[in-house]
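> I'll drop the sequence and a predicted model, then ask my questions.
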Amino acid sequence: MDVQDEMRQRLAARQQGFTLEQPFYTDPAYFDVDMKMVWYREWLFAGHDCEVPRPGAFFTLQVGDYPVIVVRDREGQIRAFHNSCRHRGSRVCSAARGTSARLVCPYHQWTYDLDGSLVFARQMGPDFDASAYGLKSVACESVGGYVFISLADTPADFGPTRDMIEPYLAPHNLADTKVAHETTIIEKGNWKLVWENNRECYHCAGNHPELCKTYPEAPGVTGVSGGADDPEIAAHWAHCEALGLPSAFRMADDGHSRITRMPLLRDAVSYTMSGRPAVSKPLTDAIAADHIGAMLLFHYPTNWNHILGDHAITFRVLPIGPQETAVTTKWLVNREAVEGVDYDLDELIHVWTETNDQDRQIVEENAFGIRSPAYEPGPYSSDHEGGVDQFVDWYCRIMALRLTEEDSPTL
Ligand code: 3BY
Ligand code: FES
Ligand code: FE
């Protein structure tokens, strides 16, 4: 049986509220379908505006088979291109980041302007039409300091996501930050296991001693129930909204993103061992030194975030293979904040460096056990794992839909 038929059948027969069957987490053929149906179609978090601070600044990323360049053009607009030269296909930029007045392919020096147009190609003959060989563009949107790309031929409308998250992000001024620190860890597990682990705090008390000093394990905080029935959360929203900060729980209609502000434990304001701020210069004066907790944003399938008053921690998930996923974490601080003066780097990154490593071990152990021939789908906790269930439902729904479209003779 064709793998897409097999996936369709398994999705149709799936037991709600249970983990997926083994091949969804392990099988290379299933992984290829995930890439095609999810990763090459959804809007993906690529990086931040502050990582391309001036014209010519660029960074690169790899999404499955697609190498991509994100660059700021001369007019200040952020653009994305396929990182594949229109001459013989070489990667134009191999560096992870840099600044360049033009994009020059290292193979034969075809030279592209920052808007992707080919401006120089040596000795191609009198009939050569350079205008036909610009870099292929990738859909690109910037919102609240976040750059999203889509590899789809016809990307979904980004408008609803922008409308939902922009007012929440605006007061944090993340476009004017700098990356104080960045790490990429490789987790030996399928990308869906990384998300399933992220979407609950059932595991927190047993695994995250540092995070648990400040982050509440209450399911209303991490999950997708909204939290409005929890008086502490409702009071927190009222407090933050009185400061002019949009805070109440919002979720996209199709469930691919959620944003809300949540209280931290006791009087904590930041993810430090003491709960005190890690950075003395807040992200913006507009939100200085108040108890605004953590703004939690997720955007499937690439991004989750904890945005605080003094800094923000952003996470990017990229699949490497069926059982390998890269998780990149960035700590964003006020652009004017000086290391050693306004923050101590070790203190800033300690809690999430430890938490990430603990989550990596969890995901890898989860993957290990799922590879067993004895593995069978197990039930999610209705109290604690509503967020995991919601993620898996989102995945199964879009997969079933797209596999059906693919099969339709009219398309
Ligand atoms: O990063 C997160 O949002 C999740 C939620 C709870 C624990 N965890 C690491
Ligand atoms: Fe890029 Fe030849 S492949 S210049
Ligand atoms: Fe965790």
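It's in. Ligands and ions are numbered 1, 2, ... in the order given.
> Which of the helices or strands spans the nearest residue to Asn303 once chain neighbours are set aside?
With CB to CB, 6 or more residues apart in numbering as the criterion, Asn303 has its nearest non-adjacent residue at 3.6 Å, and that residue is Phe45. In short, each C-beta sits where N, CA and C put it, glycine included. Assigned by DSSP states H and E, Phe45 belongs to strand 43-48.
> Quick check: next helix or strand after that strand?
strand 57-63.
> Can you name the residues in contact with that following strand?
The contact list for strand 57-63, computed with CB atoms under 8 Å, 6 or more residues apart in numbering, reads 39-40, 44, 46-47, 51-52, 67-72, 83, 93-100, 103, 149, 151, 318.
> who does it pair up with?
strand 66-72 (antiparallel), strand 97-99 (antiparallel) (DSSP bridges).
> mind listing the helices for the stretch 251-400 of the chain?
345-370, 386-407 (DSSP state H, counting those that start in this stretch).
> tell me what the first one is packed against?
In this case it means helix 345-370. helix 23-26, strand 177-187, helix 191-198, helix 204-207, strand 324-334 (3 or more CB pairs under 8 Å, 6 or more residues apart in numbering; DSSP states H and E).
> Tabulate these (TSV), appending mean neighbour count and distance to ligand 1.
Shown next, in TSV, are the helices and strands packed on helix 345-370 (neighbours: other CB atoms under 10 Å; distance: least, CB to the nearest ligand atom, whole Å):
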stretch	mean neighbour count	distance to ligand 1
helix 23-26	20	20
strand 177-187	17	13
helix 191-198	23	5
helix 204-207	14	5
strand 324-334	21	10
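> Residues touching the lowest-mean-pLDDT helix or strand in the chain, excluding its own?
Using mean pLDDT, DSSP states H and E, helix 219-222 stands out as the lowest-scoring helix or strand of the chain, at a mean of 90. Contact with helix 219-222 is made by 199-202, 215, 225-227, 229-230, 233, 262-263, 296, 383-384, 386-387, as judged by CB under 8 Å, 6+ apart.
> Strands - which of those land there?
Secondary structure from DSSP state E places Met262, Leu296 of these in strands.
> so how far is ligand 2 from the residue of the chain most remote from its centre?
Farthest-out residue of the chain from its mean C-alpha position, per CA atoms, centre = their mean: Pro126, at 46.1 Å. Applying CB to the nearest ligand atom, to the nearest Å, the value for Pro126 to ligand 2 is 19 Å.
> What of Pro28?
As for Pro28, its distance to ligand 2 is 30 Å (criterion: CB to the nearest ligand atom).
> What about that residue, how many residues nearby?
Number of residues near Pro28 (other CB atoms under 10 Å) recorded here: 11.
> Let me see the contact set for the closest residue to it other than its chain neighbours.
Sequence neighbours aside, Pro322 is the residue nearest to Pro28 in space, at 4.9 Å (criterion: CB to CB, 6+ apart). Residues near Pro322 by CB under 8 Å, 6+ apart: Tyr25, Thr26, Asp27, Pro28, Tyr30, Phe31, Asn190.
> Excluding chain neighbours, give the residue nearest to the third one in space.
The spatially closest residue to Asp27, leaving aside those adjacent along the chain, is Pro322, at 6.4 Å (CB to CB, 6+ apart).
> OK, contacts around the residue lying closest to Arg261 once chain neighbours are set aside?
Nearest residue to Arg261 in three dimensions, chain neighbours excluded: Ser247, at 3.8 Å (CB to CB, 6+ apart). Counting by CB under 8 Å, 6+ apart, Ser247 makes contact with Tyr168, His236, Trp237, Cys240, Glu241, Thr260, Arg261, Met295.
> can we see that at 6 Å?
When the contact criterion is CB atoms under 6 Å, 6 or more residues apart in numbering, the partners of Ser247 are Trp237, Cys240, Glu241, Arg261.
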